[in-house]
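K.L.:
predicted model and sequence follow; I will ask about them next.
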Amino acid sequence: MRVAPVAMLFPRPLKQTLPRSRDPKVDESVQAMASPRLKNIDFSRITPRQVQALCDELIFTGGKQEFEDASAIGNSLPSGIFERDPDTPIDLTCQIEGMIEFDRDNGFDALAVFYAGLLERMKLMEARSVHLSVVA
């Protein structure tokens, strides 16, 4: 037996089913995500909450590469860290360096190359997050 959605049983004109609640504008949540939320990123002393915020920012404001980086960075956190202490800084750089070493030692060369590239992109993220003053 197939069940049809109620909307299909009683078709109505599109204007009646989708009332306009306000003028089309840029969604405020999307606009807030477009501006960088994390300043002075230091992956050698970053909390899991900051990692999560950074990953959210990369996913919602970036392209395909940023999405892949966010996924890899998020999955690089130690297991169970959010349950133990999400506000204690960890050395994510050291964690990823350990992953690279493990991958190289065990013949996972493609993963080692990926994580080495991720580490370089993380260094660029750190450099971009530092705002230098031009006033002496």
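P.N.:
Sure, I can see it. Residues are numbered from 1 along each chain as shown.

K.L.:
who touches the longest helix along the chain?
P.N.:
Taking DSSP state H as the criterion, the chain has its longest helix at helix 109-129. Contact partners of helix 109-129, identified using CB atoms under 8 Å, 6 or more residues apart in numbering, comprise 36, 38-43, 54, 69, 72-73, 92-93, 96-97, 99-100, 103-104. C-beta coordinates here come from the backbone N, C-alpha and C atoms, glycine included.

K.L.:
one more time with 6 Å
P.N.:
Here helix 109-129 makes contact (CB atoms under 6 Å, 6 or more residues apart in numbering) with Lys39, Asn40, Ile41, Phe43, Asp69, Ala72, Ile96, Met99, Ile100, Asp103, Arg104.

K.L.:
rounded mean pLDDT for it, please.
P.N.:
For helix 109-129, the mean pLDDT works out to 93.

K.L.:
any buried residues in that helix, and which?
P.N.:
Going by neighbour count (16 or more other CB atoms under 10 Å), the buried part of helix 109-129 is Leu111, Ala112, Phe114, Tyr115, Leu118, Leu119, Met122, Met125, Glu126.

K.L.:
can you tell me how far the last one is from Ser44?
P.N.:
In this case it means Glu126. 9 Å (CB to CB, to the nearest Å).

K.L.:
swap in the second one?
P.N.:
In this structure, Ala112 and Ser44 are 20 Å apart, going by CB to CB.

K.L.:
what is the rounded mean pLDDT of the helix or strand containing Ala53?
P.N.:
Under the criterion of DSSP states H and E, Ala53 resides in helix 48-61. Averaged over helix 48-61, pLDDT sits at 92.

K.L.:
who are the packing partners of that helix?
P.N.:
Packing partners of helix 48-61 (3 or more CB pairs under 6 Å, 6 or more residues apart in numbering; DSSP states H and E): helix 28-34, helix 64-75.

K.L.:
how much does it deviate in direction from helix 64-75?
P.N.:
Orientation of helix 48-61 against helix 64-75 (axes from the mean of the first three to the mean of the last three CA atoms, to 10 degrees) gives an angle of 160 degrees.
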